[in-house]
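Asker: Fold the following, please.
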Amino acid sequence: MFERKASNRPSALAKRTLAAIMLIAGLLTSAEIWRNFDLFAIIQRQEVNVFGYLAASLVLATFCMRSMSGLRSMALASNLAFIAYGYLADLMPVLLLHIVLLPVNGYRLLQLLQIDLRPK
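Answerer: As a prediction, this is how the structure comes out:
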């Protein structure tokens with residue numbers, strides 16, 4: 001009765017979010033970004049909490065999403081933020097959890113986009 005017809009295309013937001021996440025992940029794994037980065041100074045100044053608040057706000061944003069592609073995109077962004085937070089704050093349980101969740105959310109988003117791209 002209240003069914004919505006599935007879209008044949010992924011949303012522009014999902015495409016842009018996935019591209020941005022992949023760009024950020026590539027930048028974070030690049031050795032160049034860490035060359036002049038003093039991790040201990042950041043930890044001592046308590047600026048690490050900025051990553052924690054960012055990650056928490058992204059989790060909150062996932063609960064506000066209306067579409068699964070938006071939810072998975074925000075989940076990927078929150079996983080990246082929690083990975084940065086867990087690494088910088090030396091919180092191994094947080095780091096390991098989100099390292100495991102990152103490919104799960106990425107795989108599910110790709111699955112969702114492939115379903116939307118399939119011709120009918």
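Asker: All the helices of the chain, in order from the start?
Answerer: 12-29, 39-44, 49-62, 68-88, 92-117 (DSSP state H).
Asker: M65 contacts L76, doesn't it?
Answerer: No. Contact criterion CB atoms under 8 Å: M65 and L76 do not qualify, at 12.0 Å. All C-beta atoms are positioned from the backbone trio N, CA, C, and that covers glycine.
Asker: Looking at those two, which is more packed in?
Answerer: Just comparing M65 and L76: by other CB atoms under 10 Å the higher neighbour count belongs to L76, 27 against 15.
Asker: Relative to E47, how far out is that one?
Answerer: 24 Å (CB to CB, to the nearest Å).
Asker: What residues does the residue nearest to L54 when sequence neighbours are not counted make contact with?
Answerer: Distances taken as CB to CB, 6 or more residues apart in numbering put A81 closest to L54, at 4.9 Å, once the chain neighbours are dropped. Neighbour list for A81: 51, 54-55, 58 [criterion: CB atoms under 8 Å, 6 or more residues apart in numbering].
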